[in-house]
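>>> Could you look at this predicted model? Sequence included:
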Amino acid sequence: MSKLLARAHVKFRNAEFDYTNIGTDDAFLDDCCYNLQQCIEFALKYIVEMNGENYVENHDVRSQLNKLKTMDVELPFFSSIRRLASTLNDWEAESRYNDDFTALIEDVEDARRLAREMLQYCDSLVQEI
């Protein structure tokens, strides 16, 4: 398994733990958002690499989406990522550094579903090799 894909899986597991504990401390919400953003970012970078290119070396989800678009890579969840991209990009830094950070639970749930779908897609790429 690729290091990027392995990291995406770890970040998702961490996010799932955080999600189950959100009610006990706001720090779990912060960490959940960060881990979901990282999971999705690593999965996108993995998909870029699996399609024979180098990923964009930053934390901007939109950069990876643009890279995939220029490569003519079609993803079944592209529109879902695009809708959440701005939120995910905000989560990357704000969830760690902004004491006033908060997120909508609906966005967290959408990101969880998206991350799960992306990991399943990435795992299917591994099985095809």
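Received, thanks.
>>> only C-alpha atoms for contact and neighbour calcs from this point on.
Fine.
>>> What segments of the chain are helices?
3-20, 26-50, 61-70, 78-97, 105-128 (DSSP state H).
>>> roughly how far out does the second one sit from the chain middle?
Spelled out, it's helix 26-50. Here helix 26-50 is found 3 Å from its chain centre; the criterion is CA atoms, centre = their mean, to the nearest Å.
>>> State the mean pLDDT of that helix.
For helix 26-50, the mean pLDDT works out to 97.
>>> What residues of it count as buried?
In terms of neighbour count (16 or more other CA atoms under 10 Å), helix 26-50 has its buried residues at 27-48, 50.
>>> and what of the first one?
Applying a neighbour-count criterion of 16+ other CA under 10 Å, one finds 4-9, 11-15, 18-19 buried in helix 3-20.
>>> got it, and the last one?
Neighbour-count burial for helix 105-128 flags 108, 111-112, 114-116, 118-119, 121-122 (criterion: 16+ other CA under 10 Å).
>>> With that, I have no additional questions.
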